[in-house]
Structures are given as structure tokens and as C-alpha cells.
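Student: kindly return the folded structure for what I paste below:
(2 chains)
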Number of protein chains: 2
Amino acid sequence: MKYIGIDLGGTNIKAGIVDDDGTILFKDSIKTDAHRPQDEIIRDMGKLCVDICEKAGIPHEEIESIGVGSPGSCDAENGVLVYANNINFSMAPIRAGIQKVIDKPVYLSNDANCAAVGEYMMNEEKTQNFVAITLGTGIGGGVIVNGKLYIGMNGAGAELGHITLVKDGEPCTCGRNGCWEAYGSVTALIRITKEAIEKNPTSRLAEIAEEHGKVSGRTAFLAAREGDKVGQAMVDEWIENVADGVTSIVNVFQPEVLVIGGAICKEGDFLLNPIIKYVEKYRYSRPPLAQTVVKIAKLGNDAGLIGAAFLGKV
Amino acid sequence: MKYIGIDLGGTNIKAGIVDDDGTILFKDSIKTDAHRPQDEIIRDMGKLCVDICEKAGIPHEEIESIGVGSPGSCDAENGVLVYANNINFSMAPIRAGIQKVIDKPVYLSNDANCAAVGEYMMNEEKTQNFVAITLGTGIGGGVIVNGKLYIGMNGAGAELGHITLVKDGEPCTCGRNGCWEAYGSVTALIRITKEAIEKNPTSRLAEIAEEHGKVSGRTAFLAAREGDKVGQAMVDEWIENVADGVTSIVNVFQPEVLVIGGAICKEGDFLLNPIIKYVEKYRYSRPPLAQTVVKIAKLGNDAGLIGAAFLGKV
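Tutor: Model prediction:
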């Protein structure tokens, strides 16, 4: 069978047709134009599904289901996007709206959950308990328990970025202070990089930021790779924040596999190895009990789309 | 049917026969004598099962299964207690050892998981996702996901006390610094109470400790109830530590119900109400999404025994 996955973003709506092996057979995108009424955007999501089937020459009968990955809080059971501030949706009837255009089962979950499903389904080892963390503007998380996506009682599911890391620490977007997200997201890395540049205006770190015309998540890594101590210190501090949160999540779920995703993961082993070292040192569970394998996610930008397509399978 | 639950402790081994309603029909206990070889202790657990059946006049055929709640890390799948430092067990074949004495299915899990199962099975509302926290020497946790006890890939399961609360904070028994357990356990309450007494030797708090000849988890609560500001400050600080960790757990699991147990819960609403207020203020998920109900556990000391008896049912 074939499945349509939709990745709803603030700028673009991407949709793809995915087969059982996770291969994207065809994909296309349209502008979200997020200022429009939500019903219009949802209708266009349905139209995009029809459109890609036509362009790919795949008849509707071959499509098993449609899955939507969305920012914000989703009520998965009812297929309603409860709220998402970056696209200004509120109690948006995604399932019902898409089904007006194309009559298929429609599944909905947040984008971090979809990324987790994608990584889980495409993971080499067949596991039952699996966690995916996405490091980006925030920290997203998705959890597979006994082979099923865990969404909790309200369909909204695991908000793994919102565990405390530093009690009463930096303000978090959620309204609490000191959440892991406020220390381990790429936003946090950019914040501490900017602070370090201000304190060390003649460092190589400051030069690199100047050369690129901005500070990004890569800035400190670039400096560290060139041997800059200020950049290295920022990388070390940030990675330890990431690793400490990963350790907490490992202690809570004891999954077979935990994958870390997000564009920053292009840093590869330079990022991963110190995380593994930290987790191995500080996790609660010790051999001979089986231990969680921590690794970099493999699907990159397509994780959300493939996972959305597979929502009906987990 | 009837079920035997065993609560293996450092001082006593308790065993009880429990019916499907969770009523303890008969219970008895023997000394653990923890210095003995583990095989001897396991054999006595089996003998205790035979013994209570005889004393209660219940034939073996009516016993469906036996469940054991144990401290330490359990390999539930293989029925092996991997290690437990307070009773000096290591790779102890609990299932096999008990079955040599009485041939029934034997389930094994750690005591916090058993308490969770007991509270879950006896909870009025029938829920699918349920968390139980036990505040004591440490912080134990057990999680029910989709109606099943969550034990992770290694059978050891949710170590909810070992999420960070204060990065690089107080040393935790697990080897990491700053775990929730190091701030929200009764051990932590006693620690800060002692510190406050040292700083405020003429406070009512100090007097109460003097009168009782020791500092316990109750000391600060007693002082606070009498209007002592020093005692109240310790109660407030500790409750906020508990509540912050509870908020993280609510964000991760979004369970229908989270119960808090342990002897300290005799403090009732004096403990519970500020926790609820904190969680409602700071949790990630907001209405109209369904919200977690936080309440005090109801089974008290019997939770572990009843839960152990019901291990085969979840």
C-alpha cells in the first residue's frame, strides 16, 4: 500500500506519497500563507493530496491513509489541531477538513511525534521502546512504547523538552523556568554563543560570527573545530546540557534506542560522542541490564513527512 | 481467583493472599535476616507462600499466580533480581527459587512499580495511563501505559526519581548530581530541616526536633502547622521541589491520573494542595486538552503487596 504524509509548517506545506518501505515516491509543496483563515489552509492540504496523486499517476484506491504532522498541540483522537501559535490555528478540524476533499482515514500528530514514528519505522533494529529527540528552536520528543506511539490521555503526548534541568533557571517558552529546552535547544546554544562573543570580542568565535554575518547553532562548532577555546567551551557546555536531559529521558523510559535529530546533528560524532560518554557515566541503569543505544537520527528533513505517512501504522 | 503478593524488604518479608477486588484475605510476615545467602531467603519466600495458604485454609489450586515486589533493579522478564544493595542480592533467581517450593507463575518487579500497579488497579476511574510516585528514602516511580505496566527494554522500568532537577546540584545516590530524588525525597526534606535547625537553633522547628529526639520528615510539617516560619519555609521549599518534578513527569507522560504515595502523604491536603496549584500553573498542556488529576495514593503500606499480587494482571 501507499500512504500520504503531510508536513504542515509555518512557511510551506509539504506532502509526499510513501510506500511501505519508507521510500518517498513523489513529493511536492505549496506555500502555507499562514495569515489565511485556517479552513482555507486545511482545504489546500486536501487539494495537495489530490494533486500529488495526479502528478504521480497514483490512483486514490492505492492510498491507504493520510497523516499530518503539525506544530502545536494536537488532539490525535479527534483529528483536531488544538492550538499552534506559529500558524495561528485554534481548534482546527484537520481530519474533517481534509476528508471533505479526499475521503481517506486521516491521522494527526505533532511534528516531533511524527519524526519519532519515521525514525522508529526506519530503524534497523526492530525495537519495542524507542525515543526520538529533536534539537531545534525547541526540544521536541516522541516516544514509542510497546511498538505504539505514546500520546497520553489527551492525544498531545510526550513533551520531553519540558522537564526541568535547572530549577528556577532561564525562562522557557512554556511559562516555567529552567526547562531542558531552555538549555539544550539550538536557541539556547545561540544564546550562550552570543554571550560568549560579547565577553570575548577578539576570539575566533567572534570572528566567525562576523564572517557569517550572524550567530547560528553552527558558529560555536565551527570555532571549536578550529581549536578556539571560547567556542569549545560553549560547545562543551551546551552538549552537557543536552546530555544531562538525554540521561533523564533514558532513566525514565529505558528505551532500546534513543535517536537525536535536528539540523545540528550534521555535527555528527563531534556532537554524539560526548553525549554517549556522559549518558554511559551517569545513567541509573547499569550492566548486566541491557542499555539504551544513543545515536543520531537518520532521516533528516524527511523524518516528519515519512512519520506522518506512517501514523496509521503505529 | 486469588493471588499471592510478596513484599520483600530489608527487615521483613510480607506475603498476603489477595482476591480480585484487591481485598487482602490473609497476610503474614517473617524476618528477612538479610545477612543470609540469597538462595535461603528466596526459599523462605516460597515457604511463606505455602504457609499462608495453609493458615488461611486456601488450597493451592485457587492461587492463580505469585508476584514479588523487591527493592533494586529487576529483570522482570527472567524473574531475576539483578541487584539490590540494601538486601545484598545479586542476580538472584527469585522466580526459579520460589517455583522450587510452590509451582505457580511468579512475577517480579521493583517495589515502586508494584505500588503503582496496586494504586492503578484500585483506582476508581478506569484509566489507561497512570503514574505513581512514592516519596520516601528516595523517589520511586511506576508508570502504566495503555493499561500495562511500563518496564522498558530491560525490565527495570521507569526511574522517575532520576531526572535532573538542579543541574550539578546535591549528590544523588545514583552517582549523578542534582536528581529530583536528591531534592524531593523525604531524605532531602530531613536534610534541609537539619540545616534550618542549625541556622535557627531557637526556632519552634528546633524545639520540636528536640522534643522528638530526632529530625524526621514530619518535623517541618509539625512546626509549620503550629505557625513556625522556619518550618513553613522548609515545607514550602520541599513541596516546590516535589511539585516541580511532578510537573516534569506530567509533561512527559500526560497521564489521566498521577498519585503520590509514601508515609509523608499522611500530611494530606497540606501537602497536596500546593502541589496541585504548582502543577496547574506550570504544566505544558493547557485546557481544552484534558488535564492530569494529581492526588494522594490510597492504599498506604499495602500498595506494594496488592500490586505485587496483581503483577500478572497488567
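Student: the stretch 151-300 of chain A: strands as residue ranges?
Tutor: Residue ranges of the strands in the stretch 151-300 of chain A, as given by DSSP state E, counting those that start in this stretch, are A:257-261, A:293-296.
Student: between those strands, which one is nearest to chain B?
Tutor: Closest to chain B of the strands of the stretch 151-300 of chain A is strand A:257-261 (CB to the nearest CB; 8.8 Å). For glycine as for every other residue, the C-beta is placed from the backbone atoms N, C-alpha and C.
Student: turn the strands of the stretch 151-300 of chain A into a markdown table, including mean neighbour count, distance to chain B and mean pLDDT.
Tutor: Compiled in a markdown table, the strands of the stretch 151-300 of chain A are given as follows (neighbours: other CB atoms under 10 Å in any protein chain shown; distance: least, CB to the nearest CB, whole Å; pLDDT from 0 to 100):
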| stretch | mean neighbour count | distance to chain B | mean pLDDT |
| --- | --- | --- | --- |
| strand A:257-261 | 24 | 9 | 97 |
| strand A:293-296 | 18 | 10 | 97 |
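Student: now distance to B:Val166 too, for those strands, in TSV please.
Tutor: Output for the strands of the stretch 151-300 of chain A, formatted as TSV (distance: least, CB to CB, whole Å):
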stretch	distance to B:Val166
strand A:257-261	23
strand A:293-296	23
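Student: now whichever residue of the stretch 101-250 of chain A sits closest to chain B, what are its backbone angles?
Tutor: Of all residues in the stretch 101-250 of chain A, A:Gly152 sits closest to chain B, at 2.8 Å by CB to the nearest CB. Phi and psi for A:Gly152, reported as degrees, to the nearest 10, are phi 70, psi -180.
Student: A:Lys27 now?
Tutor: Main-chain dihedrals, A:Lys27, degrees, to the nearest 10: phi -150, psi 160.
Student: who does the residue nearest to A:Val293 when sequence neighbours are not counted bridge with?
Tutor: Closest residue to A:Val293 apart from its sequence neighbours, by CB to CB, 6 or more residues apart in numbering or on different chains: A:Val257 at 5.0 Å. Beta bridges link A:Val257 to A:Phe130, A:Val293 when assigned by DSSP bridges.
Student: repeat that for A:Val80.
Tutor: Beta-bridge partners recorded for A:Val80 (DSSP bridges): A:Asp75.
Student: quick revisit: run a quick neighbour tally on the residue of the stretch 101-250 of chain A closest to chain B.
Tutor: 25 (other CB atoms under 10 Å in any protein chain shown).
Student: so what's the gap between the lengthiest helix in chain A and the chain middle?
Tutor: In chain A, with assignment by DSSP state H, the single longest helix is helix A:229-253. Offset of helix A:229-253 from its chain centre (CA atoms, centre = their mean, to the nearest Å): 17 Å.
Student: that helix packs against which elements?
Tutor: Contact partners of helix A:229-253 among helices and strands, from 3 or more CB pairs under 8 Å, 6 or more residues apart in numbering or on different chains; DSSP states H and E: strand A:130-135, strand A:139-145, helix A:181-184, helix A:186-199, helix A:204-212, helix A:217-225, strand A:257-261, helix A:269-282.
Student: one more pass at 7 Å, please.
Tutor: strand A:130-135, helix A:181-184, helix A:186-199, helix A:204-212, helix A:217-225, strand A:257-261, helix A:269-282 (3 or more CB pairs under 7 Å, 6 or more residues apart in numbering or on different chains; DSSP states H and E).
Student: touching, the residue nearest to A:Val293 and A:Phe130? I think so.
Tutor: Yes. With contacts defined as CB atoms under 7 Å, A:Val257 counts as touching A:Phe130 at a distance of 5.2 Å.
Student: between these two, which contacts overlap?
Tutor: Common neighbours of A:Val257 and A:Phe130, counting by CB atoms under 7 Å, 6 or more residues apart in numbering or on different chains, are A:Asn123.
Student: A:Leu25 reaches A:Ala56, doesn't it?
Tutor: Yes. Contact criterion CB under 7 Å: A:Leu25 and A:Ala56 qualify, at 6.1 Å.
Student: tell me which of the two has more neighbours.
Tutor: Neighbours of A:Leu25 and A:Ala56, each counted by other CB under 10 Å, are more numerous for A:Ala56; the result is 16 against 13.
Student: residues contacting that one?
Tutor: Contacts of A:Ala56 were listed using CB under 7 Å, 6+ apart, and they are A:Ile17, A:Leu25, A:Phe26.
Student: and the last one, how far is that from A:Ile306?
Tutor: Separation of A:Phe26 from A:Ile306 (CB to CB, to the nearest Å) stands at 13 Å.
Student: these two: who's more crowded?
Tutor: Shown here are A:Phe26 and A:Ile306; by other CB under 10 Å, A:Ile306 has more neighbours (26 against 16).
Student: and the more buried one, how far from A:Cys49?
Tutor: Distance, A:Ile306 to A:Cys49, using CB to CB: 16 Å.
Student: cool, and A:Ile58?
Tutor: From A:Ile58 across to A:Cys49, the span is 11 Å (CB to CB).
Student: could you dump the helix or strand containing A:Ala115 to CSV, C-alpha only?
Tutor: In the assignment (DSSP states H and E), A:Ala115 maps to helix A:111-121. Output of helix A:111-121 as CSV, limited to C-alpha atoms (Å, rounded to 0.1, in the frame of the first residue of the first chain):
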residue,chain,number,x,y,z
ASP,A,111,5.8,17.1,14.3
ALA,A,112,8.1,15.7,17.0
ASN,A,113,5.9,12.7,17.3
CYS,A,114,5.9,12.2,13.5
ALA,A,115,9.7,12.5,13.4
ALA,A,116,9.8,9.8,16.1
VAL,A,117,7.5,7.5,14.1
GLY,A,118,9.5,8.0,11.0
GLU,A,119,12.8,7.2,12.7
TYR,A,120,11.3,4.3,14.6
MET,A,121,9.8,2.6,11.4
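Student: what angle sits between that helix and strand A:257-261?
Tutor: Counting by axes from the mean of the first three to the mean of the last three CA atoms, to 10 degrees, helix A:111-121 lies at 130 degrees to strand A:257-261.
Student: circling back to that earlier point, would you mind listing the residues in contact with the closest residue to the residue of the stretch 101-250 of chain A closest to chain B other than its chain neighbours?
Tutor: Leaving out its chain neighbours, the residue that sits closest to A:Gly152 by CB to CB, 6+ apart is B:Gln254, at 2.8 Å. Applying CB under 7 Å, 6+ apart to B:Gln254 gives the contacts A:Gly152, A:Met153, A:Asn154, A:Ala156, A:Gly157, B:Ser285, B:Thr292.
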